[in-house]
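Participant: give me coordinates for this.
(chains A and B)
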Number of protein chains: 2
Amino acid sequence: MPQNLRIPGPTPLPARVREAGSWQMVNHRGPEFKALFGRVSSKLQAGFQTTNDVLITGSSGTGGLEAAVVNHLSPGDPVLAISVGVFGDRLASIATTYGADVTRPAFEWGRAATPDQVRDAISGMQAAGHSPRAVLMTFNETSTGITNPIEDLAAVVHAEAPEALLIVDGVSGIGALPFQTDGWGVDVAVTGAQKAWMIPPGLAMVAVSPRAWTAAETATMPRFYFDLKRHRDAAVKGETPWTPAVGIFFQLDVAFELIEAEGYPAIHARHAACGAAARAGLAAMGFALFADAAHASNTVTSAHLPDGIEWSALSKALRARDTVLAGGQGKLTGRILRIGHLGAVNADDIVRALEALESAAHELGIPVVSGGPAAAAAAATGVAVIGA
Amino acid sequence: MPQNLRIPGPTPLPARVREAGSWQMVNHRGPEFKALFGRVSSKLQAGFQTTNDVLITGSSGTGGLEAAVVNHLSPGDPVLAISVGVFGDRLASIATTYGADVTRPAFEWGRAATPDQVRDAISGMQAAGHSPRAVLMTFNETSTGITNPIEDLAAVVHAEAPEALLIVDGVSGIGALPFQTDGWGVDVAVTGAQKAWMIPPGLAMVAVSPRAWTAAETATMPRFYFDLKRHRDAAVKGETPWTPAVGIFFQLDVAFELIEAEGYPAIHARHAACGAAARAGLAAMGFALFADAAHASNTVTSAHLPDGIEWSALSKALRARDTVLAGGQGKLTGRILRIGHLGAVNADDIVRALEALESAAHELGIPVVSGGPAAAAAAATGVAVIGA
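Facilitator: As a prediction, this is how the structure comes out:
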């Protein structure tokens, strides 16, 4: 049985995507690459639900986040960072590093940001005389397993600070969960290869609205490798400004064939089913879910580790069962476990992971409810239980 | 016959490297990746001839150049940029973008920089009261086909401006041409995946000396994605700070097995033979070589395009012969052609490329000497002429 890689990225590659990783190189300035580049750029627009430019940087998602910040802001700009976890903090830190004046209200990890909280934060900044030039937020907070209600939060930003750019880290959500870049008025949205797109890490994708381009004209944070204008100028010629990760582009091209064949409504439903299976199975086993149920993510599920259980021991026992889950990050290190379910995942994979977790828990003497979890997961989604 | 991809990167992948591109993902924070990361990091030190840290960024070579600059300098720092082509200009532009006070003496493209020129440039800056904080130079200038004599230039820098950091773009040279990071006192050296390393683009490697680390402690240019200290802190744990391009790491691991089996002396000799073949063949055909013969690169050979010949037409005729060469860049666009010979290349590949070039030239009515070029190339290196 192949390893059941159930972390929130890198995600498992479908067979055809794997095969594309073995293709021979081509000239990145030649006709083969230009044709491929045009195809994937156009399909990314569909994935982001946008008519904006979607540019591709040669980096992890974090590089895409840096691009989202440094192209549109200047040192000293007041920025509101809505952070509910490690990745929200990272986005805020990028802005701080490049000199923005970042206001970072405290949010409880494991809960979503609320429209009221965002409204209060904006009015607090305005009362202090510096309305935000940009609002940063995370669509799907991978570290806690929360999906923020971007549509609702965006509406508050547009109403209360209409001049503010809305910059959204969509790395672990876009493509897997419903997201409307244009419909919700997201100025800059970012995603990454190894998440919903079912390809290896190494590319980030950044959608840029017309008013974000206008902001870029006067934004003075320094940028070179992540200069999106250079990316746009090159994209017009079917190129990237710097040598692209050609192999990963091959894989993205093939992945889009799979994505188009399935269709986004089916993809979103599949992720919802996997999320439901993970939550039902963990709860049936007796784990306390970490994330607020009202905003639990359909790409990654988090649960409290029982008291006295070392993540390293549980991880090792899971690996002995060909199963790889994720532990906690940042201040949640050693406190939670996470099951990733985005990209090329089916509810069967979740059932298998839950069976492995049940078995590993027994080995370690973790008191869990037996016999029910996989069945509960299956019941949540209607899939057959493997081996049952 | 597969396409003969003879550009100076991306370079063709050996079969085993291609196959590694099809491997399934693993947890980038798990034991498989940690073991791999340790292996390739150690082998990179051998490739750079250094005991310094060699860190790996998830980017093209240009991203590695940005890392080389922004980690070690502050806005306002006087910097001497020794540029003999497009890539030297790029490195200088990065420093300028981040606020360095860059002195960029004029050099003739197609010639190497000389020790006297570097000495004069340094003393000029010192006479003006601002000795360089860093000297930037290019090892192998891909755009012109020149290899700078870094050992000699470095000696001048160390003698005349001993406090200056020496930052070298080694992207298209290190690994293919003899280069001694420690022996020559190079503080920061950069290379890229798709050059000598025979793997797809998407990784850059940056070697950092102890005194460059000291400089990093007070350097104030902003950096986040390319923050090398974060890379060093993560490397201690066998990780990268951001999600690594796992697939390309798989390929690097395999490529190093091939590199170690061949050995650097044999690799350097093979590149020298390919360079000799390209120069002999082009000259025998009647092309005027562009680069100064005394410093002609053994990874890329440039020649003037005959008057009246459009590069696009010649490129198309070559492609019809399954051969891809490179044209000119920057101010050399439309003026030269380039044959890449780095990475997984043998003199046979050069002979094949010359035969295709001879045939394409005949089709376009370019007056070239017939019958001799491939033989001349073969004679230069002692390989058999294909089809002869």
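
Participant: buried residues in the biggest helix by length in chain A?
Facilitator: Counting by DSSP state H, the longest helix found in chain A is helix A:264-285. Applying a neighbour-count criterion of 16 or more other CB atoms under 10 Å in any protein chain shown, one finds A:264, A:267-268, A:270-271, A:273-285 buried in helix A:264-285. C-beta here means a position set from N, CA and C on the backbone, and glycine is covered the same way.

Participant: which stretches of chain A form helices?
Facilitator: Along chain A, counting by DSSP H, helices occupy A:15-20, A:31-48, A:61-70, A:86-97, A:115-127, A:150-160, A:210-218, A:228-235, A:246-262, A:264-285, A:311-319, A:347-364, A:373-381.

Participant: tabulate those helices (TSV), appending distance to B:V168.
Facilitator: Listed next are the helices of chain A as TSV, based on distance: least, CB to CB, whole Å:
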stretch	distance to B:V168
helix A:15-20	35
helix A:31-48	29
helix A:61-70	24
helix A:86-97	26
helix A:115-127	46
helix A:150-160	45
helix A:210-218	32
helix A:228-235	24
helix A:246-262	25
helix A:264-285	47
helix A:311-319	41
helix A:347-364	47
helix A:373-381	56
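
Participant: how about the ones you listed in a markdown table, adding mean pLDDT?
Facilitator: Shown next, in a markdown table, are the helices of chain A (pLDDT from 0 to 100):
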| stretch | mean pLDDT |
| --- | --- |
| helix A:15-20 | 98 |
| helix A:31-48 | 98 |
| helix A:61-70 | 98 |
| helix A:86-97 | 98 |
| helix A:115-127 | 98 |
| helix A:150-160 | 98 |
| helix A:210-218 | 98 |
| helix A:228-235 | 98 |
| helix A:246-262 | 98 |
| helix A:264-285 | 96 |
| helix A:311-319 | 97 |
| helix A:347-364 | 94 |
| helix A:373-381 | 73 |
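
Participant: tell me which of those helices lies nearest to B:D169.
Facilitator: Nearest to B:D169, of all the helices of chain A, is helix A:228-235, at 18.3 Å by CB to CB.

Participant: run the angle between the closest one and helix A:210-218 for me.
Facilitator: Using axes from the mean of the first three to the mean of the last three CA atoms, to 10 degrees, the direction of helix A:228-235 lies 110 degrees away from that of helix A:210-218.

Participant: before we move on, back to that, please work out which of the helices of chain A is packed deepest.
Facilitator: Highest mean neighbour count of the helices of chain A: helix A:61-70, a mean of 29 (counted as mean count of other CB atoms under 10 Å in any protein chain shown).

Participant: who does that helix touch, helix- and strand-wise?
Facilitator: Applying 3 or more CB pairs under 8 Å, 6 or more residues apart in numbering or on different chains; DSSP states H and E, we find helix A:61-70 packed against strand A:53-57, helix A:86-97, strand A:165-169, strand A:188-192, strand A:204-208.

Participant: could you give the angle of it to strand A:188-192?
Facilitator: 170 degrees.

Participant: relative to strand A:165-169, how tilted is helix A:61-70?
Facilitator: With the same axes, to 10 degrees applied, the angle from helix A:61-70 to strand A:165-169 works out at 170 degrees.

Participant: quick one: contacts of helix A:61-70?
Facilitator: By CB atoms under 8 Å, 6 or more residues apart in numbering or on different chains, the residues outside helix A:61-70 that reach it are A:55, A:57, A:59, A:90-91, A:94-95, A:98, A:100, A:136, A:167, A:169, A:171-172, A:188, A:190-192, A:195, A:204-206, A:219, A:221-223, A:226, A:228, B:58-59, B:224-225, B:241-243.
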